[in-house]
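J.: Give me a 3D structure for the following:
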Amino acid sequence: MKKLFFNGKIYDENFNLNKTLLVDDGKVIFIGNEELTIGERCEKIDLKNSYVLPGFFDSHLHLYLFSKSLFELNLSNIDNFDDVIKKLKEYKNDSNIIYGFGWDDEKWNIKPDKKFLDEIFKDKYVILKRRDGHSIWVNSKVLNEIDIDKISHISGAKIEKNCFGEVTGILRERAVDIIFEFFKEKVDIDKMLKEGVKKLYSFGITSICNMDGGILPNLIKNKYKLRIMNSIPLNKLDDAISLGIRSGFGYEFLKICGLKIFMDGSLGSKTSYMKDGFTDEKNNFGINYFDEKELDEIVDKANKNGIYVWIHAIGDKANEIVLKIITKEGRNRLNRIEHAQIVSDDFLKMLKNKNIFLSVQPSHMILDIDKIEKFLGDREKFTYAFNSLIKNGAILIFGTDAPIEDLDPLRGIKVSVDREIKGKKFFIKEAIDVIEAFKSYTINPAKSVEMENKIGSLSPGKFADFVTFTDDPLSFKGEVNSVFFEGEEIFKKS
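T.: Here you go, the predicted structure:
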């Protein structure tokens, strides 16, 4: 049955306002201002003067980890270490393993150590992920189960020790993945994902690039009303090639897309791969997972077998190496960098007219603002340099890296436009136009996975995935009121 949505303020692909949207079989067949004469066999839906935008597309999100975080101890936004300890003491959980996330030691006047956890949790394993997701804080019970010496010799893994050579309980980068795999519990993944998807709806998100490649069987089984562009874990590359899987394999609800590769760590954990050391640690240049030759061989192998790559790069040196590799002659045009957080003059010159996609997370500015000047000094002008990236030919696509950051797309869009954090302007010359910012959350991500003919804007022939707002979202006044997927309402604010 056809559906006529009328009496609205509907943004089309050119961001002009229209009053009417006609949908048939889940797709838009008309958008405009004309009053349509529709027969009785058409459902009429009064938008009641609501504003309408296409569904948001989060280009970098960890669906499993985000969904799992809804069931974990949340230590986010706690500035005082004593308050962290208090919350840990108050936490009640019947499980043998305590999982948590969100702590940020840059806000404390003390360093996290296993001894604090040992005093509180004597009989349970404790694994607490840092705010940026690149470090964990564990107790002695966890450390006693693993081979510290073996892990410390793995490239890209880092085990923190104090001045006496004692392990502190802080593990970074690849050591984090090893711990989570070792302590993998039998959890109800489907239950977690169901709640996570519901949460996405509440923010108007109808499409995502999912960086958690290991949940593919669950996604196939559940067929969520969500357009999922799924990553391929690096350790599954050979399997994908042997099975004949290529980027773009799948259908409108679930596609196999980019090979996810880590080149370095994060700014917060001081593991981003840098040309020069951090301002407060001159001899710390971060961590690189691969040298240039190794990464080039991986990208070459993937691209020659029809698989494009999504490469995590935070530090300026990491970004320069990755850009050089993914833009070589003959490489896949959909190769992209995830984050591109700290760049350089050399990077911008290399980027010129390359026309590549950069998957960036504007709301991370809020997370990192206190660290940028402290860790980078004069190099802070090269962080989140959105306007410079666009001027030099990049196509920006926005995401949140949830659960690292809040899911709300409007939060990221706003900070990319006004560049205001905690009442202060942050390199306002790197601000971008509001329409460009909304495109970075809608049509641009669709283009990055060759879905622009099906989603990303409201125009005839595309799926009717859209969000209604109480006021104009382009003025940052509106709130999500309802969400439609192929013309069917899947969320309504109570």
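J.: In the chain, what helix or strand scores lowest on average pLDDT?
T.: Here the helix or strand of the chain ranked lowest by mean pLDDT, DSSP states H and E is helix 174-182, holding a mean of 89.
J.: list the buried ones in that helix?
T.: Arg174, Ala175, Val176, Ile178, Ile179 (16 or more other Cβ atoms under 10 Å). The C-beta positions use only the backbone N, C-alpha and C, and glycine is treated the same way.
J.: and the residues you listed as CSV, adding distance to Asp104?
T.: Formatted as CSV, the buried residues of helix 174-182 follow (distance: Cβ to Cβ, whole Å):
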residue, distance to Asp104
Arg174, 21
Ala175, 19
Val176, 16
Ile178, 23
Ile179, 19
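J.: closest to Ser459 among the residues you listed?
T.: Val176 (42.8 Å; Cβ to Cβ).
J.: where are the low-confidence patches of this protein?
T.: Scanning the chain for pLDDT under 70 picks out 185-186.
J.: quick one, domains of it?
T.: Domain ranges of the chain: 2-55+462-492, 96-182, 189-448, per automatic domain parsing.
J.: Please identify which of these is closest to Leu65.
T.: domain 189-448 (5.6 Å).
J.: Which parts of the stretch 201-350 of the chain are strands?
T.: 205-210, 227-233, 249-250, 254-262, 309-313, 336-339 (DSSP state E, counting those that start in this stretch).
J.: brain fart, the stretch 1-150 of the chain
T.: Using DSSP E, counting those that start in this stretch, strands in the stretch 1-150 of the chain cover 2-6, 9-11, 17-18, 20-24, 27-32, 42-46, 51-54, 56-61, 73-74, 97-103, 125-130, 135-138.
J.: and the second one, what other elements does it pack with?
T.: With contacts defined as 3 or more Cβ pairs under 8 Å, 6 or more residues apart in numbering; DSSP states H and E, strand 9-11 has these neighbours: strand 17-18, strand 51-54.
J.: do that again at 10 Å, thanks
T.: Packing contacts for strand 9-11, counted by 3 or more Cβ pairs under 10 Å, 6 or more residues apart in numbering; DSSP states H and E, involve strand 17-18, strand 27-32, strand 51-54, strand 466-469.
J.: which residues sit against the longest one?
T.: Identification of contacts with strand 27-32 by Cβ atoms under 10 Å, 6 or more residues apart in numbering yields 2, 4-5, 10-13, 16, 18-24, 36, 52, 54, 454, 457-466, 486-487.
J.: Tell me the spacing between the residue nearest the centre of the chain and Lys492.
T.: The C-alpha lying nearest the average C-alpha coordinate of the chain belongs to Asp401 (Cα atoms, centre = their mean; 2.3 Å). Between Asp401 and Lys492 the computed distance is 28 Å (Cβ to Cβ, to the nearest Å).
J.: swap in Asn222?
T.: 22 Å.
J.: Compare these two (neighbour count), which wins?
T.: A count of neighbours by other Cβ atoms under 10 Å puts Asn222 above the other of Asn222 and Lys492, at 16 against 13.
J.: is it true that that one touches Met192?
T.: No - Asn222 is beyond contact range of Met192, at 11.3 Å (criterion: Cβ atoms under 10 Å).
J.: hey, what's in contact with both of these two?
T.: Ile215.
J.: TSV for the strands of the stretch 201-350 of the chain, including distance to Lys158 and mean neighbour count?
T.: Converted to TSV, the strands of the stretch 201-350 of the chain look like this (distance: least, Cβ to Cβ, whole Å; neighbours: other Cβ atoms under 10 Å):
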stretch	distance to Lys158	mean neighbour count
strand 205-210	27	26
strand 227-233	21	23
strand 249-250	35	16
strand 254-262	13	23
strand 309-313	16	28
strand 336-339	19	27
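J.: Kindly present these as TSV, with separate columns for distance to Ile413.
T.: Listed next are these as TSV, based on distance: least, Cβ to Cβ, whole Å:
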stretch	distance to Ile413
strand 205-210	13
strand 227-233	20
strand 249-250	28
strand 254-262	23
strand 309-313	22
strand 336-339	17
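J.: Of the ones you listed, which is nearest Glu72?
T.: strand 205-210 (18.8 Å).
J.: can you give me the offset of the closest one from its chain's centre?
T.: 10 Å (Cα atoms, centre = their mean, to the nearest Å).
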